[in-house]
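Student: coordinates for the following, if possible.
(one chain, ligands or ions: 2)
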Amino acid sequence: MGSRSPCSRSPAAGPTTRESLVAIDISMMDGAEVSKHNSKQSCWIVIDLRVYDITSFLQQHPGGEAVLLKQGGADATSEFNKLHPPDYVDDLPQGSYLGNLDPATAKGLRKPTPPAPAPSSSPAAGKVPDLALCVRASDFEEAAKVVLNRKSWIYVSSSANSGLSLRGNLDDWSRVTFRPRVLRNVEVVDAQSSILGHPTPHPFYASAMGTLGVAHAEAEPELVRAVARRGAHAVISTASTRATGQIMQAFEEESRRLGGVSPSRLFFQLYLPDDRAKALAIIETAKRAGYKGLWITVDLPVLGKRTADRRLQAEEALSLGVSVESVPQASEGENPYTPGAGGRVVAGRVSARTTWDDLKWIREAWQGPIVLKGIQCAEDAKLAVEYGCQAILLSNHGGRQLHTAPSSLTTLLEIRTYCPEVLEKLEVYVDGGLRDGADILKAICLGAKSVGVGRPFFYAMAAYGAAGVERCIDILAEELATAMRLVGITSLDQARPEMVNASRLLNDMWRPEKQFAQSRL
Ligand code: HEM
Ligand SMILES: Cc1cc2nc3c(=O)[nH]c(=O)nc-3n(C[C@H](O)[C@H](O)[C@H](O)COP(=O)(O)O)c2cc1C
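Tutor: Ligands and ions are numbered 1, 2, ... in the order given. Below is the predicted model of the structure:
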């Protein structure tokens, strides 16, 4: 991920990586001794049998000190692996590595403080329903509630401010209805589609989602193996738990195992950091790994206000008696937030200074297709054409960014109304609140080339791993095929705007000031 501060990499930090430890003389440490270091005054943790003194790092940790204190004197490996790629330990301050734990004494370690129990209003302790009981994409949400701890649940389900953007995303799809044609021989249907020239049997794909490790121990590699088996495409986040190359490797291994027949492809989602050298390094890694397109997220110059995460952070800090972070402060010009779980202070991780001009040097570094993720009005859609982008994704980041942002459906209607030529000049994708194959068809009738699905895949991963993701794809595909038949088409190139009635939403659509002025006359 390349751009983590404030804990800058220091080669003199000691032999902390897995490989470098093999050759050196290391002291063996006793679990009972390690367990005593579980306070702010002295905090040691074990990761992969290596002991680190993280006392001086506590206050620098972008995830807050409370989560680390809970692991003090304990084996933090499983929590660490859920959230971070292995090389994060290289970012600890110099001298943090103390030695290796004597495995025979591991029993003496302290047990980590368990995660906060689920509140009565959300995730209930219980049994994960049988996968067969998930018959709609939205069913995975309830199943995930059973397995996710409170923090992870909040991370995935939460949205900005009061939640209106997320609500709008979900509701707007139901405000568009179909105008079906009948008696059209719909026995055989084919939902074949493509993204940036890469064919796929599905006009929907897995959206970029960071920190998938909190959903499943196998994280992104598990997701990409599942999509490969179903021929769907996926977008991989800069904020992934596993390294960019490792995810591609898992994908390629699965594709080979399938005999090379899977049409699935992976695209890379880019959060542009402040430091251009770091950005170039991230782009280079994605390029070398073989990702097929760069999806630059443009709706996140700063992190939106994730209300539920903030409340939880305050609760955690209070319960451990550490200082409560009210509103994180950053020095001028620095973006104080990370898009990872929890929305914490990571200076420079995402640049608030990015402009359209930056696309020039990005284009030089990345010769492949560029997609702008997070376009929310007609003017910016036109600019994307002018700047030579290959595609745009109409999105409000799953309602996690701007409070009362437009749904992607509203933006799509705006483009159809004010600059329909955009739909001819580049590929237009939409995401946000898509939970039904029929809604996917509505988007395609209105000119979208493909549709991103986010939370349902996260929930499916959490509750059932790859099997859940595959079932979620099957559910959406089946619903889509049924909707196509009932609307009277057999392939997606027959989908037309007149097959849907979007009048209700058109009523709400933005109109230029001069039209308001005319209507007042
Ligand atoms: C030991 C070395 C560690 C380093 C260098 C480190 C670094 C970071 C960084 C850079 C972030 C920002 C988001 C991101 O880039 O993914 C972060 C977030 C986070 N880290 Fe760590 N971390 C370490 C250990 C741990 C451990 C052991 C835990 C286990 C509990 C942990 C829990 C978290 C959490 C929960 C967040 C997300 C923010 C939140 O939900 O509040 N980290 N960490
Ligand atoms: C848990 C979670 C993590 C996300 N992480 C990222 C990310 O790392 N990068 C990004 O561009 N968008 C991210 N998004 C936004 C998604 O790519 C997508 O726009 C959104 O989830 C679509 O809405 P839906 O979840 O209602 O389907 C995330 C969304 C969720 C729910």
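Student: residues contacting the residue nearest the centre of the chain?
Tutor: By CA atoms, centre = their mean, the chain has its centre lying nearest to Met209, at 1.2 Å. By CB atoms under 8 Å, 6 or more residues apart in numbering, the contact set of Met209 is Val156, Ser237, Gly454, Phe457, Phe458. From N, CA and C alone the C-beta is placed, and that goes for glycine too.
Student: how many neighbours does the closest residue to the first one other than its chain neighbours have?
Tutor: Ranked by CB to CB, 6 or more residues apart in numbering and with sequence neighbours excluded, the top spatial neighbour of Val156 is Phe458, at 5.0 Å. Here the neighbour count serves as a burial measure; for Phe458 (other CB atoms under 10 Å) it reads 30.
Student: cool, and Asp190?
Tutor: 12.
Student: which element, helix or strand, includes the residue nearest to Val156?
Tutor: Phe458 is part of helix 455-464, with elements assigned from DSSP states H and E.
Student: that helix packs against which elements?
Tutor: helix 139-147, helix 150-157, helix 219-230, helix 466-487 (3 or more CB pairs under 8 Å, 6 or more residues apart in numbering; DSSP states H and E).
Student: what packs against the longest one?
Tutor: Helices and strands touching helix 466-487, as assessed by 3+ CB pairs under 8 Å, 6+ apart, comprise helix 139-147, strand 177-178, strand 204-206, helix 219-230, helix 437-445, helix 455-464.
Student: contacts for the next helix or strand after that helix next, please.
Tutor: Downstream of helix 466-487, the next assigned helix or strand under DSSP H and E is strand 500-501. Contacts to strand 500-501, defined as CB under 8 Å, 6+ apart, come from residues Val176, Thr177, Phe178, Arg179, Lys442, Cys445, Leu446.
Student: most surrounded residue in the residues you listed?
Tutor: Counting neighbours by other CB under 10 Å, the top entry in these is Lys442, with 28 neighbours.
Student: next up, the contacts around that residue.
Tutor: Neighbouring residues of Lys442 by CB under 8 Å, 6+ apart: Trp173, Val176, Phe178, Leu409, Val500.
Student: what helix or strand is the fourth one located in?
Tutor: With secondary structure defined by DSSP H and E, Leu409 is part of helix 408-418.
Student: what's that helix packed up against?
Tutor: By 3+ CB pairs under 8 Å, 6+ apart, helix 408-418 packs against helix 164-172, helix 378-386, strand 391-394, helix 422-425, strand 427-431, helix 437-445, helix 503-508.
Student: tell me what angle that helix forms with strand 427-431.
Tutor: In terms of direction (axes from the mean of the first three to the mean of the last three CA atoms, to 10 degrees), helix 408-418 departs from strand 427-431 by 150 degrees.
Student: close to ligand 2, is helix 408-418?
Tutor: No. If you take CB under 6 Å from any ligand atom as the test, helix 408-418 misses ligand 2, and the best it gets is 8.5 Å.
Student: tell me the mean pLDDT for that helix?
Tutor: In this model, helix 408-418 carries a mean pLDDT of 98.
Student: if we look at that helix, which residues are touching it?
Tutor: Outside helix 408-418, the residues within contact range by CB under 8 Å, 6+ apart are 168-169, 172-173, 176, 375-378, 381, 394-396, 406, 422-423, 428, 430-432, 442-443, 446-448, 497, 502, 505-506, 508-510.
Student: go through it and flag the buried ones.
Tutor: Of all the residues in helix 408-418, those buried under the rule 16 or more other CB atoms under 10 Å are Ser408, Leu409, Thr410, Thr411, Leu412, Leu413, Glu414, Ile415, Arg416, Tyr418.
Student: okay, that helix in CSV with CA atoms only?
Tutor: Presented in CSV, the C-alpha positions along helix 408-418 are these (Å, rounded to 0.1, in the frame of the first residue of the first chain):
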residue,chain,number,x,y,z
SER,A,408,-25.9,7.1,-9.1
LEU,A,409,-29.3,6.7,-10.7
THR,A,410,-30.1,10.4,-10.3
THR,A,411,-26.7,11.2,-11.8
LEU,A,412,-27.3,8.8,-14.7
LEU,A,413,-30.6,10.6,-15.5
GLU,A,414,-28.8,13.9,-15.3
ILE,A,415,-26.3,12.8,-17.9
ARG,A,416,-29.0,11.4,-20.1
THR,A,417,-30.8,14.8,-19.9
TYR,A,418,-27.9,17.3,-20.2
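Student: off-centre distance for that helix?
Tutor: From the chain centre to the centre of helix 408-418 is a distance of 24 Å (CA atoms, centre = their mean, to the nearest Å).
Student: again with stretch 477-490
Tutor: Centre to centre, stretch against its chain (CA atoms, centre = their mean), the figure for stretch 477-490 is 29 Å.
Student: do the same with stretch 267-281
Tutor: Its chain's C-alpha centre and that of stretch 267-281 lie 16 Å apart, by CA atoms, centre = their mean.
Student: ditto for stretch 440-448
Tutor: So, by CA atoms, centre = their mean, the centroid of stretch 440-448 is 23 Å from its chain's centroid.
Student: do stretch 467-481 as well
Tutor: Chain-centre distance of stretch 467-481: 20 Å, with CA atoms, centre = their mean.
Student: Ala462 versus Gly259, what's the distance?
Tutor: Gly259 sits 30 Å away from Ala462, going by CB to CB, to the nearest Å.
Student: give the closest residue to the residue of the stretch 401-521 of the chain found nearest ligand 2 in space, chain neighbours not counted.
Tutor: Closest residue of the stretch 401-521 of the chain to ligand 2, CB to the nearest ligand atom: Gly454 (2.4 Å). Counting by CB to CB, 6+ apart, Ser207 is the residue found nearest to Gly454 once chain neighbours are left out, at 3.9 Å.
Student: how much space between that neighbour and ligand 2?
Tutor: 4 Å (CB to the nearest ligand atom, to the nearest Å).
Student: got the contact list for that residue?
Tutor: By CB under 8 Å, 6+ apart, the contact set of Ser207 is Val235, Gly398, Asp431, Gly452, Val453, Gly454, Phe457.
Student: quick check, the first one in a helix?
Tutor: What it means is Val235. No. Counting by DSSP: H, G, I helix; E, B strand; the rest coil, Val235 is located in no helix; its state is strand.
Student: which parts of the stretch 401-521 of the chain sit against ligand 2?
Tutor: Within reach of ligand 2 by CB under 6 Å from any ligand atom, the stretch 401-521 of the chain has these residues: Asp431, Gly432, Gly433, Leu434, Gly452, Val453, Gly454, Arg455, Phe458.
Student: any idea how far the nearest residue in space to Leu413 that is not next to it in sequence is from Tyr418?
Tutor: Closest residue to Leu413 apart from its sequence neighbours, by CB to CB, 6+ apart: Met509 at 5.4 Å. Using CB to CB, one obtains 9 Å as the distance from Met509 to Tyr418.
Student: and the angle for the helix holding Phe458 with helix 219-230?
Tutor: Following the same axes, to 10 degrees, one obtains 100 degrees for the angle between helix 455-464 and helix 219-230.
Student: taking helix 150-157 as reference, get the angle to helix 455-464.
Tutor: Using the same axes, to 10 degrees: helix 455-464 against helix 150-157 is 150 degrees.
Student: convert the C-alpha atoms of helix 455-464 to CSV, please.
Tutor: The C-alpha atoms that make up helix 455-464 are tabulated as CSV, following Å, rounded to 0.1, in the frame of the first residue of the first chain:
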residue,chain,number,x,y,z
ARG,A,455,-21.9,-4.5,0.7
PRO,A,456,-23.7,-7.7,-0.4
PHE,A,457,-20.3,-9.3,-1.3
PHE,A,458,-18.7,-8.1,1.9
TYR,A,459,-21.6,-9.6,3.9
ALA,A,460,-21.5,-12.8,1.9
MET,A,461,-17.8,-13.1,2.5
ALA,A,462,-18.2,-12.6,6.2
ALA,A,463,-20.9,-15.2,6.7
TYR,A,464,-19.9,-17.8,4.1
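Student: neighbouring contacts of that helix?
Tutor: For helix 455-464, contacts defined as CB under 8 Å, 6+ apart pick out 128, 131, 134, 137-138, 140-141, 143-144, 146-148, 152, 156-157, 206-207, 209, 212, 215-216, 222-223, 398, 435, 468-469, 471-472.
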